[in-house]
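J.: Sequence and computational prediction follow.
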Amino acid sequence: MGFKSAVMTGLARDGGLLLPAEIPYVASRLPAWQRLSFHDLAFEIMRLFVDIPDNDLRAIIERSYSSFRHPDVTPVRCVDGLHVLELFHGPTLAFKDVALQFLGNVFEHILNETNQDLNILAATSGDTGSAAICGLRGREHVRVFVMHPHGRVSPIQERQMTTVLDDNVFNIAVDGTFDDCQRIMKTLFGDLAFKDRYALGTVNSINWARVLAQIVYYFFAAFRVMRLTGARRIQFSVPTGNFGDIFAGYIACRMGLPIRRLVLATNENDILSRFFNTGDYRQRPVQATISPSMDIQVASNFERYLYYRTGEDEAVLRDLMNQFATGGSLTVKPLTHGGIDDLIVAGTGGTADTLATIREFHEQYGYLLDPHSAVGVHVGRKYLTPEEPMIALATAHPAKFGQAIQDATGQDLAHHPILEALMDLPTRCTVLPATEQAIRTHLERCIPL
């Protein structure tokens, strides 16, 4: 299966996730790439994976990142010894824009080429939905149905989705959690007859193109920081809930980027940090937190990681995923030295830690972190070393989480004109039960055959 087929398929037909047959090792190319612009670096990395002609790929990349408000697309700022990778300069102020602006243009390229229609079904814990809608609104041949957990995203995240009234955009508030939304989506994709009949596709990070686009900023940030500091290896701290963002860093390391350590940071929904500290991956009830995009207990991209962690043994992976599906847990044996992974370490930043980190960075350095980024900073600072700089991923603009900023600082500081413009706009959304049948019926009603 080629890249374009993988993009259109999204979730594999057997219910698994797609990966490239081989990960290219590019260590010898790093010196030539170090001073490339973001656009040129994206082209050099992506062309190793895609089956799109070079001229078309360059055009897609240029269109995708022309909407970003910073010339570096994903700039790096030094704050108190940390190098903050700002991923929120896209149209919806979240890191998801980096991938979903690209994916929207890839979809358009493929659909125009094949004269097909596609109906996107997405599950979001907050930022994916608005970024997907922004990337796909008004496009021909595409409808986008976005499920979000009713009352469990921030008010701004909700308005970013529900104020988009284009005819091809359908917002669904599901009476449940993000995990319910993701479960429903996977169930419908598992019904192959239904998937084919209604031409379903996905923009969630189960779509390999999402991961591919995110790999780029790991290389870009590493090059910037290594040039600035003279370091030979770097570290990344990544707040994560669905394991997609940190998995892109994992692939970057497999490609030869000199990453010493990936620091995985979770909030109270700590299934991933528990796994990387104990080897036990066990589902618990989802807790609502001030970092709602991480309120996840079933991390879909974790399956991709397990494929490599099990030595690319498909049978072992299948057994592990079946254990989790039936019992809500799985266990991986530690490595011979006792750890779970030589690259990934993990920790948790609870609500008090998050608020304290936001408050400290504002008071001491005049820098505002959103609550997700603050989780990553809190955990990442535990691994600071002078020889191996730490790059902390800032995944959203603080204005998207104004109440958390006010709770942390005591001041109403977090604003952005893009978000202010949403306050008086009309909204449209359908509230549905957290059942597969309710979503199925809604899709059948809305998609003409």
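T.: All right, it came through fine.

J.: Let me see the ranges of the strands in the stretch 201-350 of the chain.
T.: Assigned strands in the stretch 201-350 of the chain, in chain order: 234-239, 259-266, 280-282, 329-331, 344-348 (criterion: DSSP state E, counting those that start in this stretch).

J.: and of the ones you listed, who's closest to residue 371?
T.: Closest of these to residue 371 is strand 234-239, at 8.9 Å (criterion: Cβ to Cβ). In this view, the C-beta of every residue, glycine as well, is placed from N, C-alpha and C.

J.: Tell me which residues are up against the closest one.
T.: Here strand 234-239 makes contact (Cβ atoms under 8 Å, 6 or more residues apart in numbering) with 218, 221-222, 225-226, 245-246, 249, 258-267, 291, 294, 372-373, 375-377, 379-381, 383, 385, 388-393, 395.

J.: Specify the angle between that strand and strand 259-266 in degrees.
T.: Here the directions of strand 234-239 and strand 259-266 differ by 10 degrees (axes from the mean of the first three to the mean of the last three Cα atoms, to 10 degrees).

J.: What mean pLDDT does strand 234-239 get?
T.: Across strand 234-239, pLDDT averages out at 98.

J.: Also stretch 324-331?
T.: For stretch 324-331, the mean per-residue pLDDT is 95.

J.: do the same with stretch 265-274
T.: The predicted model assigns stretch 265-274 a mean pLDDT of 97.

J.: Show me what that stretch is in contact with.
T.: By Cβ under 8 Å, 6+ apart, stretch 265-274 touches 237-241, 243, 264, 280-284, 286-287, 289, 291, 294-299, 302, 346-351, 354, 375-376, 378-380.

J.: Mind checking which of those residues are buried?
T.: 237-241, 243, 264, 281, 286, 289, 291, 294-299, 302, 346-351, 354, 375-376, 378-380 (16 or more other Cβ atoms under 10 Å).

J.: Helices along the stretch 251-400 of the chain, start to end?
T.: Shown for the stretch 251-400 of the chain, the helices assigned by DSSP state H, counting those that start in this stretch span residues 271-278, 302-309, 314-327, 351-365, 371-380.

J.: just checking, what packs against the last one?
T.: Right, the one you point to is helix 371-380. Here helix 371-380 touches strand 82-86, strand 234-239, strand 259-266, strand 344-348, helix 351-365, strand 390-394, going by 3 or more Cβ pairs under 8 Å, 6 or more residues apart in numbering; DSSP states H and E.

J.: As CSV, the strands of the stretch 201-350 of the chain with distance to residue 1 would be great.
T.: CSV is the format used below for the strands of the stretch 201-350 of the chain (distance: least, Cβ to Cβ, whole Å):
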stretch, distance to residue 1
strand 234-239, 28
strand 259-266, 28
strand 280-282, 28
strand 329-331, 27
strand 344-348, 28
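
J.: Turn the buried ones among the contacts of strand 234-239 into a named PyMOL selection, would you?
T.: Per 16+ other Cβ under 10 Å, the buried members of the contacts of strand 234-239 correspond to this PyMOL selection:
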select buried, resi 218+221+222+225+226+245+246+249+259+260+261+262+263+264+265+266+267+291+294+372+373+375+376+377+379+380+381+388+389+390+391+392+393+395
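
J.: mind checking which of the helices of the stretch 251-400 of the chain is nearest residue 409?
T.: Nearest to residue 409, of all these, is helix 351-365, at 5.2 Å by Cβ to Cβ.

J.: Return the distance of that closest one from the chain's centre.
T.: Relative to its parent chain, helix 351-365 has a centroid offset of 24 Å by Cα atoms, centre = their mean, to the nearest Å.

J.: That one to strand 259-266, inter-axis angle?
T.: Inter-element angle recorded for helix 351-365 and strand 259-266: 120 degrees (by the same axes, to 10 degrees).

J.: If you count neighbours, what's buried in helix 351-365?
T.: Applying 16+ other Cβ under 10 Å to helix 351-365 flags 351, 353, 354, 355, 357, 358, 359, 360, 361, 362 as buried.

J.: got the buried residues for the lengthiest helix in the chain?
T.: Ranked by residue count under DSSP state H, the longest helix found in the chain is helix 208-229. Neighbour counts over helix 208-229 (16+ other Cβ under 10 Å) mark 208-226 as buried.

J.: Can I get the buried residues of helix 351-365 in a markdown table including pLDDT and distance to residue 105?
T.: Below are the buried residues of helix 351-365 laid out as a markdown table (pLDDT from 0 to 100; distance: Cβ to Cβ, whole Å):
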| residue | pLDDT | distance to residue 105 |
| --- | --- | --- |
| 351 | 97 | 38 |
| 353 | 97 | 38 |
| 354 | 98 | 34 |
| 355 | 98 | 38 |
| 357 | 98 | 36 |
| 358 | 98 | 34 |
| 359 | 98 | 40 |
| 360 | 97 | 39 |
| 361 | 97 | 35 |
| 362 | 97 | 36 |
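
J.: Now render the residues you listed as a markdown table, adding distance to residue 400.
T.: What follows is these, written out as a markdown table (distance: Cβ to Cβ, whole Å):
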| residue | distance to residue 400 |
| --- | --- |
| 351 | 17 |
| 353 | 20 |
| 354 | 14 |
| 355 | 16 |
| 357 | 17 |
| 358 | 13 |
| 359 | 18 |
| 360 | 20 |
| 361 | 17 |
| 362 | 16 |
